[in-house]
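Colleague: Okay, sequence plus prediction incoming.
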Protein chains: 2
Amino acid sequence: MSQRVFNFSAGPATLPLPVLEASAAALVDYKGKGVGIAEVSHRGAEFKEVLAETEQRCRQLMGISDDYAVLFLQGGATQQFDLVPMNLLQNRAQYIVSGQWAKKAAAAAKAHGSTEVIADSQDQQFSVLPSGYTVDPQADYLHICSNNTIFGTRFSAFPDHPCLVADMSSEIMGRVIDVNRFGVIYAGAQKNLGPSGVVLVIIRRDLLDKAPDTLSPIFRYKAHADNESCLNTPPTFGIYVLLETFRWLEAQGGIAAVEQVNEAKAALLYEAIDGSGGFYTGTVTDHPNRSRMNVTYVLPNEDLTTAFLKRAAAEGLVALKGYRSVGGIRASIYNAMPMAGVEKLVALMKDFQASA
Amino acid sequence: MSQRVFNFSAGPATLPLPVLEASAAALVDYKGKGVGIAEVSHRGAEFKEVLAETEQRCRQLMGISDDYAVLFLQGGATQQFDLVPMNLLQNRAQYIVSGQWAKKAAAAAKAHGSTEVIADSQDQQFSVLPSGYTVDPQADYLHICSNNTIFGTRFSAFPDHPCLVADMSSEIMGRVIDVNRFGVIYAGAQKNLGPSGVVLVIIRRDLLDKAPDTLSPIFRYKAHADNESCLNTPPTFGIYVLLETFRWLEAQGGIAAVEQVNEAKAALLYEAIDGSGGFYTGTVTDHPNRSRMNVTYVLPNEDLTTAFLKRAAAEGLVALKGYRSVGGIRASIYNAMPMAGVEKLVALMKDFQASA
């Protein structure tokens, strides 16, 4: 096998090597049964055991009570942009637009009913979290995107709403949260949990009955909850990878322990940016709400950016190029990125600046 | 590694060992890049190359012209039960109900417009293909399920319609078909193509514009076609497994060669059933339309069935239990089931009968 690189991809993103190795082994042969885990019925004993353990570990890691259903669905967070209003929007919903994904979620909801964007930081190129908004607890729900993958902000504190709905794709299980503050949490797996093609949905059970009777079962949370994620064939192998990730997270000491490392990784990188005397400039001005998962910054010009990316790749630091509308550098440092990767990046940044 | 068993699961189903091994290797490390194929951006060079080759091989294997878009989506065939009418049903659609999945497809469509079931063989427990129906070429489309996984029938010949829509989940790439006879072909991957969580959709391009303007992009075939299956993050690893399956199919000589083996496998098994003097009874009376993929039969009583399944498992022949509503035995013999597996099953059947 070749040497692993440090992969800063925003998603699909790096996964822990032990997770990949265990998943690869199970793909070929599950527990010595002479059959791989992707080759067995989703209604058979082997996969039922996988699904039950995956849900149980998810509940334990995040402290999810029985008041919530935990679902493993398909279609990514993008499909949730529609399913949330299709299931929950009866009168009016509120959206906070803190970045591109939040904006897409708000746009998708319009087709399904009355929506209101109560705050939007697009004017400031999403370099800050929007503020100064008034939440209406009478709205069916308030939707946020908790961490902004593209522009590098996060909600360090969450707004209050009786039904707070959060797209947590890019920080799920990267920080400790109180699930009880949320009505719905959803997250595409491909940043912190596993391969793309699985979306985790955590939904308070009282919300399951809000959907109109005309909604098809495949789009209805209640149908998925009643069938324990097996209304149709779920993405079985993807769910298996999640199980291995949950085992790995537990072995790291759980989410609180991982969050400490994440805080330290982000602090090291932001210190390097802020301490560079302006050579590196963070794109987020709202420091308390800087993302701990996606660290975005720019160099003085395009030539230097190109040279930096080239040298980084040569040193085994890959996928650092910023999103096309932001430019510069984006270092995605999800749970699976070890401190060593961030240390190597910071060392490169200092060395590159000295020689520039 | 343990010895591989012969896995007759109806789906998720057995996959070729070389496909599993190559996919497992790529999961850990793709082409020596120090990063696995599930860990790279769907918009980056590595996955773009995978997606392009997957589509190109799919087109070549099935003889798909540029008049058709080839999409790799999520949500399984079940979600297609809704997406087909959401995209194509303007006035009226016709359905042939030849089994449980065809019935579910017809039921799902009702929520989206006017539908008509023109033939239904439920009266005969789906033991025959429905006949004696009149196709209306003015209908928006005619929907069929080409192979009946549960009850073991197939359309040996297809009806004609200007827009024939076929759920081919359980026989896709198991037989040569003329794609030009179809408006839409869709197939969940988990029988003949790869892991669950990917659905292949082949759609004639003139149909892409039929969807109402109000339909959200995530549910709209045209949006997926315009974005070449990357409207949102596709199930990248699942698509990679499809690529390995397509390479394997090519190495077998393509679909025509595989179909010959499939015909021989099915013939051997049906001969064993029909030649058993009534000890084994095929559940399908419509012999010309017997499935080549799912062979269903019963033993004289429940005790013998249980004993047969137990002995089969002891000999490494697993997942042979019939669907709960049919009972008896179901041997799913998709592309990846080698002739040796069917030969071993037939030998067991003869031996079991002799000793019963």
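Modeller: Looks like it arrived, so ask away.
Colleague: ok but A:Phe72 is inside a helix, no?
Modeller: No - under DSSP: H, G, I helix; E, B strand; the rest coil, A:Phe72 falls outside any helix and is assigned strand.
Colleague: and it, how many residues sit next to it?
Modeller: Summarising burial for A:Phe72: neighbours were counted as other C-beta atoms under 10 Å in any protein chain shown, giving 25. (C-beta placed from N, C-alpha, C; glycine too.)
Colleague: thinking it is in contact with A:Phe237, fair?
Modeller: No - using C-beta atoms under 8 Å as the test, A:Phe72 is too far from A:Phe237 to be in contact (11.7 Å).
Colleague: List the contacts of stretch A:323-333.
Modeller: A:8-11, A:13, A:100, A:149-152, A:170, A:191, A:262, A:265-266, A:269, A:280, A:283, A:292-299, A:302, A:305, A:308-309, A:319-322, A:341-342, A:345 (C-beta atoms under 8 Å, 6 or more residues apart in numbering or on different chains).
Colleague: Sorry, wrong one. I was asking about stretch A:271-290.
Modeller: So stretch A:271-290 is contacted by A:124-125, A:127-129, A:151-156, A:266, A:270, A:291, A:295-300, A:326, A:328-329, A:346, A:349-350, A:353, A:356 (C-beta under 8 Å, 6+ apart).
Colleague: can you pull out the strands in the stretch 201-350 of chain A?
Modeller: A:281-282, A:294-298, A:317-318, A:329-332 (DSSP state E, counting those that start in this stretch).
Colleague: could the ones you listed go into CSV alongside mean pLDDT and mean neighbour count?
Modeller: Shown next, in CSV, are the strands of the stretch 201-350 of chain A (pLDDT from 0 to 100; neighbours: other C-beta atoms under 10 Å in any protein chain shown):
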stretch, mean pLDDT, mean neighbour count
strand A:281-282, 98, 17
strand A:294-298, 98, 25
strand A:317-318, 98, 20
strand A:329-332, 98, 24
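Colleague: want to throw the ones you listed into CSV with distance to A:Glu116?
Modeller: Listed next are the strands of the stretch 201-350 of chain A as CSV, based on distance: least, C-beta to C-beta, whole Å:
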stretch, distance to A:Glu116
strand A:281-282, 31
strand A:294-298, 27
strand A:317-318, 41
strand A:329-332, 31
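Colleague: Around chain B, which positions in the stretch 151-300 of chain A sit nearby?
Modeller: Counting by C-beta under 8 Å from any C-beta of the partner chain, the residues of the stretch 151-300 of chain A close to chain B are A:188, A:190, A:194-198, A:214, A:216-219, A:231-238, A:241.
Colleague: among the residues you listed, which ones are buried?
Modeller: Neighbour-count burial (16 or more other C-beta atoms under 10 Å in any protein chain shown) is assigned, among those, to A:188, A:190, A:194-198, A:216-219, A:231-238, A:241.
Colleague: tell me the domain boundaries of chain A?
Modeller: Segmentation of chain A into domains, based on automatic domain parsing, reads A:17-251, A:255-355.
Colleague: Could you dump those into CSV with distance to B:Leu17 added?
Modeller: Output for the domains of chain A, formatted as CSV (distance: least, C-beta to C-beta, whole Å):
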stretch, distance to B:Leu17
domain A:17-251, 8
domain A:255-355, 29
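Colleague: Out of the ones you listed, which is closest to B:Asp160?
Modeller: Closest to B:Asp160 of the domains of chain A, according to C-beta to C-beta: domain A:17-251, at 29.3 Å.
Colleague: For B:Lys48, find the nearest of the strands of the stretch 201-350 of chain A.
Modeller: strand A:317-318 (15.6 Å).
Colleague: For the closest one, name the packing helices and strands.
Modeller: The helices and strands touching strand A:317-318, judged by 3 or more C-beta pairs under 8 Å, 6 or more residues apart in numbering or on different chains; DSSP states H and E, are strand A:6-7, helix A:339-355.
Colleague: so how far is that strand from its chain's centroid?
Modeller: How far strand A:317-318 lies from its chain's middle: 20 Å, per C-alpha atoms, centre = their mean, to the nearest Å.
Colleague: partner strands of it, parallel or antiparallel?
Modeller: Strand pairing for strand A:317-318, using DSSP bridges, gives strand A:6-7 (parallel).
Colleague: I'd like the next helix or strand past the strand it pairs with.
Modeller: helix A:17-28 (DSSP states H and E).
Colleague: if you look at that next one, does any of it touch chain B?
Modeller: Yes - part of helix A:17-28 sits near chain B under the criterion C-beta under 8 Å from any C-beta, namely A:Leu17, A:Leu20, A:Glu21, A:Ser23, A:Ala24, A:Ala25, A:Leu27, A:Val28.
Colleague: Touching that helix from outside, list them.
Modeller: Taking C-beta under 8 Å, 6+ apart as the rule, helix A:17-28 contacts A:4, A:36-38, A:194, A:237, A:240-241, A:244-245, A:247-248, A:336, B:1, B:17, B:20-21, B:23-25, B:27-28, B:36, B:38-39.
Colleague: Please find the angle between the direction vectors of that helix and helix B:17-28.
Modeller: Computed with axes from the mean of the first three to the mean of the last three C-alpha atoms, to 10 degrees, the direction of helix A:17-28 lies at 170 degrees from that of helix B:17-28.
Colleague: shaky segments in chain A?
Modeller: For chain A, the stretches with pLDDT under 70 are A:1-2.
Colleague: At which residues are the helices of it located?
Modeller: Secondary structure of chain A, counting by DSSP state H: helices at A:17-28, A:45-62, A:76-88, A:100-109, A:221-226, A:236-251, A:255-274, A:302-314, A:339-355.
Colleague: In the last one, which residues are buried?
Modeller: Judged by neighbour count using 16+ other C-beta under 10 Å, the buried positions of helix A:339-355 are A:Gly341, A:Val342, A:Lys344, A:Leu345, A:Val346, A:Leu348, A:Met349, A:Phe352, A:Gln353.
Colleague: rewinding a little: I'd like the residues of helix A:17-28 next to chain B as a markdown table, with neighbour count appended.
Modeller: Listed next are the residues of helix A:17-28 next to chain B as a markdown table, based on neighbours: other C-beta atoms under 10 Å in any protein chain shown:
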| residue | neighbour count |
| --- | --- |
| A:Leu17 | 16 |
| A:Leu20 | 26 |
| A:Glu21 | 16 |
| A:Ser23 | 28 |
| A:Ala24 | 22 |
| A:Ala25 | 18 |
| A:Leu27 | 26 |
| A:Val28 | 21 |
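Colleague: Just the closest of these to chain B, please.
Modeller: Taking C-beta to the nearest C-beta as the measure, A:Ala24 is the one of the residues of helix A:17-28 next to chain B closest to chain B, at 3.7 Å.
Colleague: what separates that closest one from B:Lys344, distance-wise?
Modeller: As judged by C-beta to C-beta, to the nearest Å, A:Ala24 and B:Lys344 stand 28 Å apart.
Colleague: what does A:Gly282 give?
Modeller: As judged by C-beta to C-beta, A:Gly282 and B:Lys344 stand 64 Å apart.
Colleague: And A:Lys191, by the same measure?
Modeller: Distance, A:Lys191 to B:Lys344, by C-beta to C-beta: 45 Å.
Colleague: repeat for A:Glu250
Modeller: 41 Å.
Colleague: Spit out the contact partners of A:Arg154.
Modeller: Counting by C-beta under 8 Å, 6+ apart, the residues that A:Arg154 touches are A:Leu129, A:Ser146, A:Asn147, A:Asn148, A:Glu171, A:Asn289, A:Arg290, A:Ser291, A:Arg292, A:Met293.
Colleague: Apply 10 Å and report the result again.
Modeller: A:Arg154 sits next to A:98-99, A:129, A:145-148, A:168, A:170-171, A:174-175, A:266, A:284, A:286, A:288-294 when contact means C-beta atoms under 10 Å, 6 or more residues apart in numbering or on different chains.
Colleague: Same check on A:Leu129?
Modeller: Going by C-beta under 10 Å, 6+ apart, A:Leu129 touches A:96, A:98-99, A:119, A:121, A:144, A:148, A:151, A:153-157, A:284, A:286, A:288-290.
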